[in-house]
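Visitor: Sequence and predicted structure below; questions after.
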Amino acid sequence: MRPAQSREIPPPPSSTGFDHGKSVRCGSCGEKGRKGFALVLSLALMSLVFVLILALIGIVATDLRLSDLRKEKAITRANALYSARIALGNLQEQMGPDKRISGPSDLLDEDPLTPKIDGVEHANWVGVWDSYHWDKESQPSYEEARKNFFRKWLVSFDENRDDSTIGLAGDVETPRYGSSRDKMLVSGIGEGKAVHVPVSRVSGEELKDFDIAWWVGDEGTKARADVFPENESSPEPHQLRSAMIAAPRAALEALDGLEQYPPADPEAEKVIDLQSLGLALDSRNESFSEMMDPAGQYFHDLTTFSNSVLADARGGGLKKDLNLLFELNRAPPGYGADDRSYLYENDSSELASLREKVRTKRSRGNKTEPRWEDVRGYYRQYKEAVVLNSEEGVSFGVKGNYSANTQRLPVVAKLQIVFSYWARDIHGPWKRKYNPPRFPKRHRFLIHCVVEPVITLWNPFGAPLSFKEFRANVMQIPISLRWFKNGNQVGPGWRHYSEIWQLSRNRRKGFDVRIKPPAGEDLITLQPGEVVTYSDGEASLAEFIKVHGRHDDWHGRLSARLDYKPGWHILGGYYTDWLAQGRDVIYGNANDLIGVQVKGQRSRFAG
C-alpha cells in the first residue's frame with residue numbers, strides 16, 4: 001500500500017470573493033477590456049476626423065467666399081481702371097491740342113460779387129473751351145464771336161456740345177444726357193465742396209452690367225501750398241526788385257484756419273501734400289488740427305502737385321521763355337538782331353510793304369510798332385542796375401544803354417473806308433442838261449458818293465505814348481462799285497474806285513491823313529492800351545456842301561489831305577458826283593431809289 005499523499009485544501013472564499021493576499025488572472029476579463037479600449041479609440045478618431053472635416057469645410061467655404069471677394073475686387077479694380085482710362089482718354093482728347101482752354105464751372109457764376117456760386121449746381125466740374133483767335137480782317141461781335149466755343153465737361157456721361165447755348169450757367173445744372181442717379185466722388189468740408197457726377201451704366205455680353213463714374217480735376221487752377229519764402233539775408237538787387245513787382249508766393253495765411261502759415265523751416269521740408277501741411281502747421285498751433293483740415297476744406301483751392309506747360313493757346317505750339325531768350329548775349333534772328341524784328345506777327349502783304357516803307361524812308365529811331373530789340377534792351381537793363389540808399393528809402397537806378405530817346409508811335413489797329421451817299425441840288429452844267437424848264441420830268445438832285453478813311457490807333461505799350469503828329473497814306477482802295485436807280489443799272493457796270501473820277505481816272509489815287517493835337521495842345525497822348533478812332537474833322541453843313549469847296553473833289557485830286565480829329569464824324573471826307581464811271585452823273589428826284597453793289601478788287605494801277 002502506498003502511503004496517502006497529503007493534499008492542501010484551499011481555504012474557502014471570503015465573503016467578498018477576492019483574495020487580498022494574492023492576485024488572480026482571469027482570461028475572459030482581459031479580452032473584454034481590450035475590446036472596450038478599441039471602441040473608445042475608434043470614437044476618438046472618428047471625432048477627430050469629423051472635426052477635421054468640419055475645419056476643411058470651413059476653410060473651403062472661407063476660401064470660396066474670399067475667392068468671390070477677390071473676384072469682386074478684381075472686377076471693381078478693372079471697372080475703376082476702365083473708368084480711369086476713359087477719363088484719361090477724354091482728357092487727352094479734349095486738352096491735348098494746344099488751342100484748348102480749361103476752366104472750372106464756377107466761372108459761370110451769375111453773381112460773382114457774392115461768395116456763393118449762383119446759377120451753377122456743379123461748381124467743381126472742369127469744362128473745356130476752344131480758344132478764340134480773332135481774324136484781323138473781320139469785324140467780330142462780342143456776343144456772336146464768342147459762341148460755340150464750349151466743348152464738354154470732363155465728367156462721366158457728358159458728350160460734346162454743338163448748340164448755341166453752350167457755356168451758359170444753366171447748362172451746368174444738369175448733365176447733357178442726364179441720369180437720375182449720381183455718385184459722390186470727392187467729399188469735402190463745407191458747402192459746395194463735394195463733387196457729384198452722373199453714373200454711367202456699361203453693358204456687356206459676357207459680364208453683367210456695371211456702373212462707372214469719373215471726374216477730372218484741374219490742378220492748374222489751384223494755388224501752390226508748398227511755396228515758402230526764402231530766407232536770404234542779402235538778396236541781389238534784381239531779385240529784390242522782382243520780389244517787389246510780383247508776389248513770389250500766395251499769401252495763404254489770409255485764409256481762415258491758415259493763420260499759422262507758413263510752417264516752421266524744419267517742418268516745411270516735410271510738406272509733400274495737404275495732409276502733411278496740416279501736420280506741419282499743427283506743430284506750431286496745437287489747436288489747429290481741431291479747427292481746420294486743409295485737405296478737406298481747401299481740396300479744390302490748394303495743391304502741391306501743379307505743373308504747367310508754356311503752350312500758346314491762341315496759335316498753338318509752345319511759347320518761348322523770354323527770360324532765357326533775352327539772357328543770350330546775342331539775339332537770334334527775328335528777335336532783335338535786325339530792324340525787321342517786329343513783336344506782332346501779321347501775314348498781310350500790305351502791312352509788310354508799309355513796314356518796309358516806314359523802315360527805309362524814316363530814321364531808325366521812329367518806330368511805328370514795338371520791336372523785339374526794344375523789349376530785349378528794356379529787359380537787360382537789370383544787368384547794370386544800381387541800388388541807391390537814402391533817407392527816403394531804397395531806390396533803383398539804371399545806367400544801361402537802353403535807347404530811351406527812341407520815338408514810339410501808335411499802331412494802326414484798324415483802317416476803314418466809309419462810303420456814304422447824299423443828294424444835292426442839281427447845279428452847273430447838269431442843271432441845264434438834266435433839269436431844263438422844257439423837260440416834262442425835271443431832275444432836281446445829283447447823287448454824290450462820300451469817301452472817308454477812318455483810322456483807329458492803338459497804344460500797345462505799357463506807358464503813355466505822346467507824339468506831335470501821326471501821318472498815314474491811304475492809297476488805291478481795293479474796291480469796285482456799280483450803281484442802280486430804281487433797280488436799273490446806271491453806267492457801263494463794274495468800275496474800280498480809281499476809274500470813277502473825271503480828271504484823275506485810271507491813276508493812283510489816295511489820301512494823306514494827318515492826325516494833329518487838339519487846339520491849344522502840343523502833343524497827342526494815348527494812355528497804355530488806349531484805342532482811339534480818328535476821322536476827318538466834322539465841318540458845318542454849309543461848308544460841306546459848298547460847290548468846289550474843300551470836301552468837293554470834283555476835279556479828282558491824286559492826294560487829298562485830311563486833318564483828322566478824335567471820333568467818327570458824319571460831315572467829313574471827300575465826295576464826287578462822277579458816279580457813272582467818270583463819264584456822267586447820276587441824277588434823280590426825291591422818290592427815286594438809289595442802290596449800289598461793291599466787291600473787293602485790286603486795281604491794275606496800284607503801285
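Guide: Received it, and whenever you're ready, just let me know what you need. Numbering: from 1, shown residues only.

Visitor: so where's the longest helix in this structure?
Guide: helix 27-95 (DSSP state H).

Visitor: Quick one: list the elements packing against that one.
Guide: The helices and strands touching helix 27-95, judged by 3 or more CB pairs under 8 Å, 6 or more residues apart in numbering; DSSP states H and E, are strand 150-153, strand 210-212. Yep, even glycine has a C-beta here, placed from its N, CA and C like the rest.

Visitor: quick one: which of those strands is nearest A44?
Guide: Shortest distance between A44 and the helices and strands packed on helix 27-95, using CB to CB, is found for strand 210-212: 51.9 Å.

Visitor: which residues sit against whatever helix or strand comes next after that closest one?
Guide: Towards the C-terminus, the helix or strand next in line after strand 210-212, according to DSSP states H and E, is strand 223-224. Contacts of strand 223-224 from elsewhere in the structure, counted by CB atoms under 8 Å, 6 or more residues apart in numbering, are 249-250, 252, 301-304, 306.

Visitor: run the last query once more with 7 Å
Guide: Strand 223-224 is contacted from outside by 250, 252, 301-304, 306, using CB atoms under 7 Å, 6 or more residues apart in numbering.

Visitor: Ranking helices and strands of the protein by mean pLDDT, which lands last?
Guide: Each helix and strand of the chain was given a mean pLDDT (mean pLDDT, DSSP states H and E); the minimum falls on helix 288-291 at a mean of 49.

Visitor: related to what we said a few turns ago, which pair of the contacts of strand 223-224 spans the longest distance?
Guide: Among those, the pair separated by the greatest distance (CB to CB) is L252 and S306, which sit 14.2 Å apart.

Visitor: Pick out whichever of those two has more residues nearby.
Guide: Neighbour comparison, L252 and S306: the larger count goes to L252, with 20 against 15 (by other CB atoms under 10 Å).

Visitor: Quick check: that one touching Q260?
Guide: No - L252 is not in contact with Q260 according to CB atoms under 7 Å; the separation is 10.1 Å.

Visitor: Report the contact partners of D109.
Guide: By CB under 7 Å, 6+ apart, D109 lies in contact with 117-120.

Visitor: For F305, which non-adjacent residue is closest in space?
Guide: In space, not counting the residues next to it along the chain, F305 is nearest to E219; the distance is 5.7 Å by CB to CB, 6 or more residues apart in numbering.

Visitor: what's around the one you found, how many residues?
Guide: The number of residues packed near E219 is 12, by other CB under 10 Å.

Visitor: same deal with F37?
Guide: The number of residues packed around F37, counting by other CB under 10 Å, is 9.

Visitor: before we move on, what about V451?
Guide: Around V451 there are 21 other residues, counting by other CB under 10 Å.

Visitor: Surely it and Y574 touch.
Guide: Yes - the pair formed by V451 and Y574 meets the contact definition of CB under 7 Å, at 5.7 Å.

Visitor: mind exporting the helix or strand following the least confident helix or strand of the chain as CSV, just the C-alpha atoms?
Guide: Remark: after helix 288-291, the chain's next helix or strand is helix 294-297, criterion DSSP H and E. Listed next in CSV are the C-alpha coordinates belonging to helix 294-297 (Å, rounded to 0.1, in the frame of the first residue of the first chain):
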residue,chain,number,x,y,z
PRO,A,294,-6.6,121.8,-45.3
ALA,A,295,-7.1,118.6,-47.3
GLY,A,296,-10.8,118.7,-46.8
GLN,A,297,-11.5,122.5,-46.6
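
Visitor: pLDDT averaged over helix 294-297, what's the number?
Guide: Averaging pLDDT along helix 294-297 yields 78.

Visitor: all helices for the stretch 151-300 of the chain, in order.
Guide: Taking DSSP state H, counting those that start in this stretch as the criterion, the stretch 151-300 of the chain carries its helices at 237-245, 265-268, 274-282, 288-291, 294-297.
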